[in-house]
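Enquirer: Just need the structure, nothing else, for what follows:
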Amino acid sequence: MGSVRWPPKSRRRRPYSCPPPLLGRGAGAWDAAAQAGDIDGLAEGAPNWLHVHAVSDSQNRQYARAVRGWLEWAERRWGNRASLMPPDAALADYLAFLSYVRRKHVSAGESTLSGVVHIFPALRAHLPLARRAMVGWRRLGQAREGIGFGVEIWGLIMLELCARETRRPRRRGLQAALLVAVAVDTYLRHGQERFGLRVSDVVAATIAGAESVSLLLGSRDRGERAKTGFDQGVVVSRPWVAALLLRWRAQRRAQVGEAGLLWSISAGEFAELWHDVIDSLQLPDLHPQHCTRHAGATIDLQIRRIPRETVRVRGRWISDRSVQRYTKAHPIVRLNARLTPEQLARGLAFFSNPLAAWLGSLEP
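Expert: As a prediction, the model looks like this:
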């Protein structure tokens, strides 16, 4: 018998290229670990880095503030005896304090409970009193669900934003209107899905003899992530929105190239315009900008009669329960009832020829 080599000769493997660290989720920790060569962890009484970065950096900061508030409240209340109090009972009492004394929104309680579980994971299965307190707080009815709007209000918002193109020195009205059109058509979430888009994320191709335009959301190659995962996407469904979007893409490509941001308007500038329009229409229920996502799904399901499963996939929702929450028809009736017949007719008229209405806004 021939001799056996031990240990066996290792096979040469093709080097594996890791994707870039996710932005906004402890990206700097990779460099810190590489410089140190090792990291402390739970065995040394330090946090586990994978536990810490299971949530985003901004969520970590929010949780830290919430938990710090609980610990400082406990120290003021019990002094040196604070560490001897049962954590579950102390947290339940703090939630009651936030609700009845500080009159905080229920989201403050949700953030505190989630923060405690995140920072002290060993307590996860030992907080029945605190969880029951949150059940009671939710039942007080302080949490409100977002609502959508119908095509008449969508048209009015578009017209009002286009009209502001010539009123503002930086000429952002038309761009804000296009952003609203895209957000409603594709159910974009507020935040990264809107303002993180790059020029290269708008892709056009011919499919079955017709031109289609899609948006890439959460590019893993750039270290980005959408709420429901990496490399998500959605196809623009309305031809007029696709046409305007391609026109804007060509303009931005000439200005900033493929890697540049799709929108030159900032989130703050858009918010200022949005709130200005909502105030002018006297529809305060629509101040949350996320209502455009509600509107897109509601219009498609309730008015365009698009199948529910298609709406779910288009909205990147995992469960049908989310579709039900986002596609309520009765708010449309309630909001339209606050407007005059002339306003409703004007808003609806926008969609008889949206391209003409848009181009007309460019005239001096």
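
Enquirer: rest of the way, CA atoms for contacts and neighbours
Expert: Noted.

Enquirer: From residue 273, how far off is residue 336?
Expert: To residue 273, residue 336 is 21 Å away according to C-alpha to C-alpha, to the nearest Å.

Enquirer: now do residue 357
Expert: Distance of residue 357 to residue 273, given as C-alpha to C-alpha: 19 Å.

Enquirer: Contacts made by the longest helix seen in the chain with the rest, please.
Expert: Ranked by number of residues, the top helix in the chain under DSSP state H is helix 57-78. Contacts to helix 57-78, defined as C-alpha atoms under 8 Å, 6 or more residues apart in numbering, come from residues 24-26, 52-53, 81-82, 90-91, 94, 108, 111-112, 114-116, 118-119.

Enquirer: in it, what counts as buried?
Expert: Residues of helix 57-78 classed as buried by neighbour count (16 or more other C-alpha atoms under 10 Å): 57, 59-60, 62-64, 66-67, 70-71, 73-74.

Enquirer: Pop the domain breakdown of this protein in here.
Expert: 42-138, 151-361 (automatic domain parsing).

Enquirer: separation between the nearest residue to residue 185 once chain neighbours are set aside and residue 220?
Expert: Setting aside the residues directly before and after it, residue 185 is nearest to residue 296 in space (C-alpha to C-alpha, 6 or more residues apart in numbering), at 5.6 Å. Remark: distance between residue 296 and residue 220 (C-alpha to C-alpha) = 26 Å.

Enquirer: These two: which is more packed in?
Expert: residue 296 (27 against 18; other C-alpha atoms under 10 Å).

Enquirer: Tell me who's in contact with the more buried one.
Expert: Here residue 296 is in contact with 148, 183-187 (criterion: C-alpha under 8 Å, 6+ apart).

Enquirer: Now do the buried residues in the host helix or strand of residue 157.
Expert: Here residue 157 is covered by helix 151-163, with elements defined by DSSP states H and E. Within helix 151-163, the residues scored as buried using 16+ other C-alpha under 10 Å are 151-163.

Enquirer: Kindly reformat those as CSV containing pLDDT.
Expert: Supplementary listing: the buried residues of helix 151-163 in CSV, determined by pLDDT from 0 to 100:
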residue, pLDDT
151, 95
152, 96
153, 96
154, 96
155, 95
156, 95
157, 96
158, 95
159, 93
160, 92
161, 92
162, 89
163, 87
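
Enquirer: right, and the helix or strand after the longest strand seen in the chain?
Expert: Secondary structure of the chain read by DSSP state E shows that its longest strand is strand 210-217. Sequence-wise, the next helix or strand downstream of strand 210-217 (DSSP H and E) is strand 232-235.

Enquirer: who's in contact with the next helix or strand after that next one?
Expert: Counting by DSSP H and E, the element after strand 232-235 in chain order, helix or strand, is helix 239-256. Residues from elsewhere that reach helix 239-256, judged by C-alpha under 8 Å, 6+ apart: 178, 181-182, 185, 199, 202, 212-213, 236, 260, 262-263, 354-355.
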